[in-house]
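Peer 1: below: sequence and its predicted model.
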Amino acid sequence: MSTTASEKNGTWRNWGGNVVAHPAREVTPASVEELAAAVRRAAEDGLKVKAVGTGHSFTAVAATDGVLIRPQLLTGIRTIDRDAMTVTVEAGTPLKRLNLALAREGLSLTNMGDITEQTVSGATSTGTHGTGRESASIAAQIRGLELVTADGSVLSCSEQENPEVFAAARIGLGALGIVTAITFAVEPVFLLTAREEPMTLDRVLAGFDELWAENEHFEFYWFPHTGNTNTKRNNRSAGPERPVGRLAGWFEDEFLSNGVFQAAQWVGRAVPAAVPAVANAASRALSARTYTDIPHKVFTSPRRVRFVEMEYAVPRAALVDTLRELKTAVDRSRLRVSFPVEVRTAPADDIALSTASGRDSAYIAVHMFRGTPFQAYFTLAERVFTAHEGRPHWGKVHTRDAAYFAELYPRFGEFTALRDRLDPDRRFQNDYLRRVLGP
């Protein structure tokens with residue numbers, strides 16, 4: 001899972017293949033000082049500036065025709081503070097490398113998403129999350145960050161230092177500056193027991209409140225055109241460690257979940273009429289299993305099948321109604337949806353532009369196989385989500401604008417006022433930010 005880019009013709013494409021940009025130049029700074037100098041030079045040349053990690057956002061949040069900053073040389077752990085239980089990491093560090101480095105130190109993040117290819121700055125800036133009853137998004141675990149602002153200054157932010165910037169910049173969309181380092185809260189590495197089990201959709205929805213309340217981390221996948229789901233419950237465990245066996249892991253996580261699933265997507269794209277039958281078979285292919293391992297081996301999974309995605313956060317209390325309405329809408333349409341729908345939850349947090357800002361949330365993610373027309377499906381889904389005051393993931397396909405967000409985010413004006421102060425000339429502006437934040 002990597003960024004697709006061409007050095008020869010200056011074309012940049014995101015991982016999903018649905019966003020293309022033509023930056024005037026690319027810069028790969030080896031230090032914060034070099035990055036700050038690149039921002040100052042861009043200002044002298046009248047160019048906009050955006051930083052891009054692995055390009056895993058499906059929106060144009062990182063696209064620019066100005067200066068594209070690539071942070072792949074800004075990687076690694078700066079410091080570990082075992083008294084404060086924090087780790088400071090360079091912004092270009094991929095999550096998978098951070099997870100491995102923390103595990104070697106006997107440490108772990110409390111919660112994480114299921115994909116680890118993103119850089120830490122890209123994942124947090126767009127609000128990447130996992131699922132959790134009490135534990136929130138990756139950005140909610142930030143205790144400090146370093147930011148290069150529009151004039152090339154380097155700003156340190158925490159609850160004690162520049163607290164108003166810290167409150168917003170944890171999920172800043174790249175609109176306030178370029179994040180160069182992040183300090184995360186960590187804890188001693190622990191064990192999770194994962195219980196994966198097929199379950200009917202009716203059973204999941206009827207018992208959703210109980211399933212959510214009884215498990216630290218609960219999520220499920222519903223297969224459209226079927227009444228079937230695959231559920232996953234992760235809870236802390238005293239051990240012993242019982243990881244998935246190498247052969248079983250390869251068969252289920254690589255052969256079935258990636259290899260066979262890839263083939264099923266090819267069939268569905270070529271012969272849409274076959275999708276319901278393929279979905280029914282896919283929903284029954286995975287059997288129940290239980291295993292115990294360290295967090296990053298339980299929370300995360302390999303995703304090798306490329307797709308395009310839309311995800312909305314709705315109030316958790318509205319999840320069941322929202323999903324039932326989505327199912328009814330799909331069933332009544334002529335759509336053929338070959339990708340499962342992913343459902344997760346997160347508690348309310350205090351980050352201005354977090355999709356869980358001020359409210360307990362449930363996330364519903366819809367996907368389409370890369371190369372398959374997705375507009376009709378996403379339009380239908382978005383109509384359902386917005387009817388329930390849905391907030392779209394900042395890095396996933398949506399059509400909402402600043403007027404919509406001003407109504408749904410109580411602290412939206414606080415964020416835009418801070419942007420006016422930190423970036424009055426809109427050095428970090430692009431078309432996407434103009435749409436979602438205003439001019």
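Peer 2: Yep, that arrived. From a predicted model like this one, the values you see are computed outputs, not experimental measurements.
Peer 1: what are the ranges of the helices in the stretch 301-439 of the chain?
Peer 2: 319-332, 375-386, 402-408, 412-422, 431-437 (DSSP state H, counting those that start in this stretch).
Peer 1: so where do the strands sit in the stretch 151-300 of the chain?
Peer 2: In the stretch 151-300 of the chain, the strands defined using DSSP state E, counting those that start in this stretch lie at 154-158, 178-185, 187-188, 191-200, 217-222, 228-237, 289-293.
Peer 1: where does pLDDT dip in the protein?
Peer 2: Residues of the chain meeting the criterion pLDDT under 70: 1-9, 247-256, 258.
Peer 1: center of it - which residue?
Peer 2: residue 128 (3.0 Å; Cα atoms, centre = their mean).
Peer 1: number of nearby residues for the closest residue to that one other than its chain neighbours?
Peer 2: Leaving aside its sequence neighbours, residue 128 sits nearest to residue 113 (Cβ to Cβ, 6 or more residues apart in numbering; 4.9 Å). To be clear about C-beta, it is placed using only N, CA and C from the backbone, and glycine gets the same treatment. If you count neighbours by other Cβ atoms under 10 Å, residue 113 ends up with 17.
Peer 1: wait, doesn't residue 282 sit right on residue 222?
Peer 2: No: taking contacts as Cβ atoms under 8 Å, residue 282 lies outside contact range of residue 222: 11.8 Å.
Peer 1: quick one, which of the helices of the stretch 301-439 of the chain gets closest to residue 25.
Peer 2: helix 431-437 (18.8 Å; Cβ to Cβ).
Peer 1: contacts for the closest one?
Peer 2: Outside helix 431-437, the residues that touch it by Cβ atoms under 8 Å, 6 or more residues apart in numbering are 59-61, 63, 173-175, 394, 400-402, 405, 415-416, 419.
Peer 1: same thing but 7 Å
Peer 2: Residues outside helix 431-437 that contact it (Cβ atoms under 7 Å, 6 or more residues apart in numbering) are 59-61, 63, 173, 175, 401-402, 405, 416, 419.
Peer 1: how about it: buried residues?
Peer 2: 432-433, 435-437 (16 or more other Cβ atoms under 10 Å).
Peer 1: looking at those residues, which is nearest residue 150?
Peer 2: Closest to residue 150, out of all of these and judged by Cβ to Cβ, is residue 433, at 13.1 Å.
Peer 1: state the distance from the closest one to residue 20.
Peer 2: 17 Å (Cβ to Cβ, to the nearest Å).
Peer 1: for residue 290, find the nearest of the helices of the stretch 301-439 of the chain.
Peer 2: Across the helices of the stretch 301-439 of the chain, closest to residue 290 is helix 319-332 (Cβ to Cβ), at 25.3 Å.
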